[in-house]
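Asker: Okay, predicted coordinates and the sequence, questions at the end:
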Amino acid sequence: MRAGERVLPSLALFRNNKGLKLNKNVKKKIKTVCTILFVLYLFLLMYFLFFADRIGIQSFEEREYRYNLVFLQEIKRFWTYRDQLGIWSVLLNLFGNVVGFIPFGFILPIIHRDIRSFFFITFSGFTLSLCVETIQLVTKLGCFDVDDLMMNTLGTALGYLFFAVTYLFYKRKKGETSNGKEEK
């Protein structure tokens, strides 16, 4: 038993005499699970971005249109007033947008094999973020913020990079023989 199999015994099920290789049935199950997780992730994302803290507080007419079109303004404001706002609010604002979009960049290339381009995935994350920010502006359920666009896009790019590293690791393991030497 290898070190990785001691930590994740399920890896032993996928190992054969030519290294780590997933059969078509396992790949199909992974894709199905990831598709379900992706849909759940999108629902949770929409809930937290639009409804979590705002339902029933004010009527549509009482809410105001809020927007920030100055690059890095909100990030600077949160950093300047970090003592008054508290570290939790600052971290949530600065890193919440990044962390919230990492799953988008990680799961999307798993469920759509033909669109595994860094540019395409990152642009898709930017497009989703732009739609979210626009809906927040139009519905007055939040603030259209260019800093959020940047942080959400960064999160998508980091998610894709995490996918790419994981996929590279898988491809390398797939090419190893059971004694650890590269197969030709």
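Answerer: Here it is on my side, so go on. Here the structure is a predicted model, which is why all the values come from computation and not from measurement.
Asker: Strands along the protein, start to end?
Answerer: Residue ranges of the strands in the chain, as given by DSSP state E, are 15-16, 19-20, 66-68, 143-145.
Asker: Least reliable of these by average pLDDT, please.
Answerer: Ranked on mean pLDDT, the bottom entry among those is strand 15-16, at a mean of 48.
Asker: out of all of them, which helix in this structure is the longest?
Answerer: Taking DSSP state H as the criterion, the chain has its longest helix at helix 146-174.
Asker: buried ones in it?
Answerer: 146-161, 163-164, 173 (16 or more other Cβ atoms under 10 Å). C-betas here are computed from N, CA, C, even on glycine.
Asker: Same question for stretch 29-43.
Answerer: The neighbour-count check on stretch 29-43 (16+ other Cβ under 10 Å) flags Cys34, Phe38, Tyr41 as buried.
Asker: How about stretch 76-89?
Answerer: Judged by neighbour count using 16+ other Cβ under 10 Å, the buried positions of stretch 76-89 are Phe78.
Asker: Need the distance between the two termini of it.
Answerer: With Cα to Cα, to the nearest Å applied, stretch 76-89 spans 13 Å between its terminal residues.
Asker: what's next to it, contact-wise?
Answerer: Contacts of stretch 76-89 from elsewhere in the structure, counted by Cβ atoms under 8 Å, 6 or more residues apart in numbering, are Val90, Asn93, Leu94.
Asker: quick one: which of these sit in helices?
Answerer: For the contacts of stretch 76-89, secondary structure assignment (DSSP H) places Val90, Asn93, Leu94 in helices.
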